[in-house]
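Peer 1: Fold the following, please.
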Amino acid sequence: MFNRLISFFGGKRNDAVAVDLYRRIIEQARQPAFYSRLNVPDSLDGRFDMIVLHSFLVMRRLRVSNTPEAQKLSQQLFDLQFADMDNSLREIGVGDLGVGKKVKVMAQAFLGRVEAYEAGLTATDDGILTDALSRNLYGTTQPALTGLIAMAGYMRAADQHLADQRDAEVLAGNVDFPTPPA
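Peer 2: You can find the predicted model right below:
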């Protein structure tokens, strides 16, 4: 999959960095603990939302760098993520005419979640963040309050963990995330 994405961008160095970041996001979003311990729905929607959550955290970290290189990398990461979503929809059999519409809906969902998660992380208490997680990450399921609180704590810890990483490492695609809570 990732080789296909590298070829999508033409294989340039900066593009390879975006692919590395995206690979790390996907690996973290697929951690079984999110689904088994924190009860994130193990569905297409749940997996999409875990990718969105981690992409948001990385893009938020890139925004803090406030450099043209970081802005470009953030845009490449966004483009790569939605190119992958497009390819994934095609692989599961969504017809060509429906793919564009579905990707547009996914992009709007991403932007809405970014706004909600940003508001939640900048708030002083976890109420806004847990509401955003309940509405988006958990969707129509009824998450336990302990799971919401643990997920909000994870997001705050991951945000701080990324903030503690040096700009040079982040811009080289070398990010890591904390371990999901038990």
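
Peer 1: name the helices or strands packed onto the longest helix seen in the chain?
Peer 2: With secondary structure taken from DSSP state H, the chain has its longest helix at helix 96-122. Here helix 96-122 touches helix 44-65, helix 68-91, helix 127-136, helix 145-163, going by 3 or more CB pairs under 8 Å, 6 or more residues apart in numbering; DSSP states H and E. In this view, the C-beta of every residue, glycine as well, is placed from N, C-alpha and C.

Peer 1: Quick one: closest of those helices to residue 31.
Peer 2: helix 44-65 (8.4 Å; CB to CB).

Peer 1: For this protein, give me the ranges with low pLDDT.
Peer 2: By pLDDT under 70, the low-scoring segments of the chain are 1-14, 89-90, 92-99.

Peer 1: what inclination does the longest helix of the chain have with respect to helix 44-65?
Peer 2: Orientation check (axes from the mean of the first three to the mean of the last three CA atoms, to 10 degrees): helix 96-122 against helix 44-65 gives 60 degrees.

Peer 1: Kindly tell me how buried residue 139 is, as a neighbour count.
Peer 2: 14 (other CB atoms under 10 Å).

Peer 1: is it true that it touches residue 49?
Peer 2: Yes. At 7.5 Å, residue 139 counts as touching residue 49 under the criterion of CB atoms under 8 Å.

Peer 1: sorry, back to before: among the helices and strands packed on helix 96-122, which comes closest to residue 32?
Peer 2: Closest among the helices and strands packed on helix 96-122, once you apply CB to CB, is helix 44-65, at 11.3 Å.

Peer 1: What are the buried residues along that closest one?
Peer 2: 45-62, 65 (16 or more other CB atoms under 10 Å).

Peer 1: any idea of the angle it forms with helix 145-163?
Peer 2: Angle, helix 44-65 to helix 145-163, by the same axes, to 10 degrees: 40 degrees.
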